[in-house]
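Q: Sequence and predicted model, in that order:
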Amino acid sequence: MSPVTFYLLSSVGIFVVCLYGLIVHAHLIRKILALNMMGSAVFLLLTGVARRGELTDPVPHAMVLTGIVVAVSATAFALAVARRLYEECGRAYLPEEDPEDLSEEREG
Amino acid sequence: MASVLGWASAALVLVGAFFFLAGTVGLLRFPDVYNRLHALTKADNVGLGFVVLGLILQAGSLLSAFKILLIWLLVLASGATAAHLVATAALRGGIKPWKHR
Amino acid sequence: MLSLFFDAVLALALPLLAWRVLTTRDLYRAVILFIAFGLLVALSWARLDAPDIALAEAAIGAGLTGALFLNTVGGLVGRKRSPSRESDESREVAERREAIQSSPGEPVDEVMRPWWVRLALTVPILALGLALGWAVVSFPEPAIDLAQQASDNLEASGVDHGVTAVLLNFRSYDTLLEIGVLLLAVVAVWSLDLGRVRGGQAALSKGLPVLHGLVRLLTPIMIIVGGYLLWAGAKQPGGAFQAGAVLGALGVLLVLSGLVRPPLSDGSGLRIGLAVGFAVFLGIGTAVMLATGELLNYPPASTYGLIIIIELFLTVSIALTLAALFVTAPPRKEQGSKEHSEEKGEES
């Protein structure tokens, strides 16, 4: 196994863990963290793919570079929306994932 | 000659790594924020110093050596400031220094 | 052998760290772990021969995104806990090193889906993981060797560095639209009408001289580094994105330390700065249609000059955008314009 394969598998691991966390957690900060790390996982995959050939492929690198900047602006927007929601409702949860409803069903 | 340099820099980097390890243990084991800051900043600054020394031996050119040294100086300045800010903020936040009982 | 071991440990650490980020009770702690995650990702990119994106990730992915998260978490707990905003902000800064012991009122999140949902989820998630893992291990050989094509045509691109050539010549459409997205993000954040973030001034009044000293020391260094990265991008790792990231981080530092006021008053300068990258890029992209008849198809003689001009303005816009996304509030017209000109001078 080459080191590149490690990183490719690692990116799959991050992606899956974060997908699970995105669905399971209700707090919006947690969801945004999960989404951001899912983005990082995809970037890691692209970088690993770029490294497979003899030459390092600059095209995925450029895509990741723009992707990082777009990811930070999307994250900033999501965080701003979460803060605005908190100012309006006093909660950082989506309406259908109200913590009171969920905590009743949660195991001890 | 080259191998002597190699062994010297390996030894220096290992010493640096030991300081990092000690600082990390302190960060995890010490009782309050002030003690932890003490462990973290002091040990890490010295540890990074050793790592930097070890790498300078491998730098090859004076310019790269200077750049590596610059990294250390910048980390020293920012680490000291960050520690100072954390300690000040902790004091203002009303956290009492830990006392042995 | 040793490096293979290092790669394996790093590759294993990343998903574990992601798991810790999502399961840690305290949200501040989660954000600190997230920053560590970002730095490790940057390290793995350095290992994968991608210094360009490692630079950008360390500055943007770990640094700026981490600051954004810390800021928001501070905003979420702040109001609920106490009327005095001072103590909140001091806490926010203090938590930055995760040094303070748990105290009541910390931003704790334990709300999860009920256990049967989690149990039911593990099956499809595991299946997805296995399928994706199998897919990446058995990747087919690429049908088109883009790396070869890019390196064959590097000479025609006007620059000597592959990533810069792709960003500003071969795939300049992407970059143009990406700058548009950045501009849109700032407009969207401004439209939410949030209260603006306050610098650490009030909280740090005792430690402020030290912080100011550091910022005064770092400001010229970061400007030099940003300029160097921009210039170096033509032939080695670096370019507008990395330079913009460093200068944007400088902007955040200046705002946080209170040396530059967040409102960045007299908004027209800031607004122009935010838009100028997109405008110049689009302007040059359409102007070259007169010469070559195609959008963004630069005439060969002037390619290098045009790319450098575009990159220069891109850097200004990216830096200002990142700083503006951190401040979140639009500038107000009525305040004096002194601080702003200071900020502008340092950014450009």
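A: It's in. Numbers count the residues shown, from 1 in each chain, chains lettered A, B, ... in the order given.
Q: Tell me who's in contact with B:Leu53.
A: B:Ser9, B:Leu12, B:Gly16 (CB atoms under 8 Å, 6 or more residues apart in numbering or on different chains). Glycine gets a C-beta too; all of them are placed from N, C-alpha and C.
Q: Let's check: the centremost residue of chain A is which one?
A: Taking CA atoms, centre = their mean, the centroid of chain A lies closest to A:Leu35, which sits 2.3 Å from it.
Q: looking at it, it is touching A:Cys18, isn't it?
A: Yes. A:Leu35 is in contact with A:Cys18 according to CB atoms under 8 Å; the separation is 7.5 Å.
Q: ok, A:Ile68 touching C:Ile53?
A: Yes. Taking contacts as CB under 8 Å, A:Ile68 lies within contact range of C:Ile53: 6.6 Å.
Q: Looking at those two now, which is surrounded by more residues?
A: A count of neighbours by other CB atoms under 10 Å in any protein chain shown puts C:Ile53 above the other of A:Ile68 and C:Ile53, at 32 against 23.
Q: what helices or strands is the helix or strand the more buried one falls within leaning on?
A: Per DSSP states H and E, C:Ile53 falls inside helix C:51-56. For helix C:51-56, the elements it packs on are helix A:58-89, helix C:27-47, helix C:240-257, judged by 3 or more CB pairs under 8 Å, 6 or more residues apart in numbering or on different chains; DSSP states H and E.
Q: ok, and does the last one reach over to chain A?
A: Yes. For helix C:240-257 and chain A, the contact criterion (CB under 8 Å from any CB of the partner chain) is met by C:Phe241, C:Gly244, C:Ala245.
Q: Now the very next helix or strand once past that helix: buried residues?
A: Counting by DSSP H and E, the next helix or strand C-terminal to helix C:240-257 is helix C:267-292. Neighbour counts over helix C:267-292 (16 or more other CB atoms under 10 Å in any protein chain shown) mark C:267, C:269-271, C:273-278, C:280-282, C:284-285, C:288 as buried.
Q: touching chain A at all, helix C:267-292?
A: No. Helix C:267-292 lies apart from chain A when judged by CB under 8 Å from any CB; the minimum separation is 11.4 Å.
Q: and the particular helix or strand that has C:Leu76 in it, anywhere near chain A?
A: Using DSSP H and E, C:Leu76 sits within helix C:65-81. Yes. Under the criterion of CB under 8 Å from any CB, chain A is reached by helix C:65-81 at C:Thr65, C:Leu68, C:Phe69, C:Asn71, C:Thr72, C:Val73, C:Gly75, C:Leu76, C:Arg79, C:Lys80.
Q: what helices or strands is that helix leaning on?
A: helix A:28-50, helix A:58-89, helix C:27-47, helix C:85-95, helix C:303-327.
Q: How about the residues of the stretch 201-348 of chain C by chain A?
A: Contact residues (CB under 8 Å from any CB) of the stretch 201-348 of chain C with chain A: C:Phe241, C:Gly244, C:Ala245, C:Ile318, C:Thr321, C:Leu322, C:Leu325, C:Phe326, C:Thr328.
Q: 10 Å instead, please
A: Residues of the stretch 201-348 of chain C lying close to chain A by CB under 10 Å from any CB of the partner chain are C:237, C:239-242, C:244-245, C:248, C:318, C:321-322, C:324-326, C:328-329.
Q: related to what we said a few turns ago, most neighbours, which of the contacts of B:Leu53?
A: Neighbour count (other CB under 10 Å) singles out B:Gly16 as the most crowded of these, with 21 neighbours.
Q: In terms of secondary structure, what does the helix or strand where that one lies contact?
A: Element membership of B:Gly16, judged by DSSP H and E, is helix B:2-29. Packing partners of helix B:2-29 (3 or more CB pairs under 10 Å, 6 or more residues apart in numbering or on different chains; DSSP states H and E): helix B:33-58.
Q: quick one: buried residues of the helix it packs on?
A: Applying 16+ other CB under 10 Å to helix B:33-58 flags B:33-58 as buried.
Q: Would you mind finding the longest helix in chain B?
A: In chain B, taking DSSP state H as the definition, the longest helix is helix B:62-92.
Q: Any part of that helix near chain C?
A: Yes. Using CB under 10 Å from any CB, helix B:62-92 comes into contact with chain C via B:70, B:73-74, B:77-78, B:80-92.
Q: quick revisit: next one: the helix holding C:Ile53 to chain centre, how far?
A: With CA atoms, centre = their mean, to the nearest Å as the basis, helix C:51-56 stands 11 Å off its chain's centre.
Q: Can I get stretch B:57-64 in CSV? Just the C-alpha atoms.
A: This file holds the C-alpha atoms of stretch B:57-64, laid out as CSV (Å, rounded to 0.1, in the frame of the first residue of the first chain):
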residue,chain,number,x,y,z
LEU,B,57,22.3,22.1,10.7
GLN,B,58,20.5,20.6,7.7
ALA,B,59,19.5,23.9,6.1
GLY,B,60,22.2,23.9,3.5
SER,B,61,22.2,27.6,2.9
LEU,B,62,22.4,30.7,5.1
LEU,B,63,19.1,32.0,3.8
SER,B,64,17.1,28.9,4.7
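Q: how about that stretch: buried residues?
A: B:Leu57, B:Gln58, B:Ala59.
Q: pLDDT below threshold where in the chain?
A: Went with chain A since none was named. A:1, A:96-108 (pLDDT under 70).
Q: ah, no, chain C please
A: For chain C (pLDDT under 70), the answer is C:77-111, C:143, C:195-207, C:261-267, C:329-348.
Q: Quickly list the domain ranges of it.
A: C:1-128, C:159-348 (automatic domain parsing).
Q: gap between the two ends of the shortest one?
A: It refers to domain C:1-128. 31 Å (CA to CA, to the nearest Å).
Q: Which residue is the nearest non-sequential neighbour of the residue nearest the centre of chain B?
A: For chain B, the residue nearest the mean C-alpha position is B:Asp44 (1.7 Å; CA atoms, centre = their mean). The shortest distance from B:Asp44 to any non-neighbouring residue, by CB to CB, 6 or more residues apart in numbering or on different chains, is to B:Gly23 (4.8 Å).
Q: hang on, the earlier thing: between A:Ile68 and C:Ile53, what contacts are shared?
A: A:Phe43, C:Ile60, C:Gly61, C:Phe241 (CB atoms under 10 Å, 6 or more residues apart in numbering or on different chains).
Q: Quickly note the distance from the second one to C:Ala8.
A: This points to C:Ile60. 27 Å (CB to CB, to the nearest Å).
Q: which one of these two has more residues nearby?
A: Neighbour count, other CB under 10 Å: between C:Ile60 and C:Ala8, C:Ile60 has more, with 30 against 15.
Q: my guess is that one is in a strand, correct?
A: No. Using DSSP: H, G, I helix; E, B strand; the rest coil, the assignment for C:Ile60 is helix, not a strand.
Q: Burial check on A:Gly90, number of neighbours?
A: 9.
Q: Next: C:Ala36.
A: With other CB under 10 Å as criterion, C:Ala36 counts 17.
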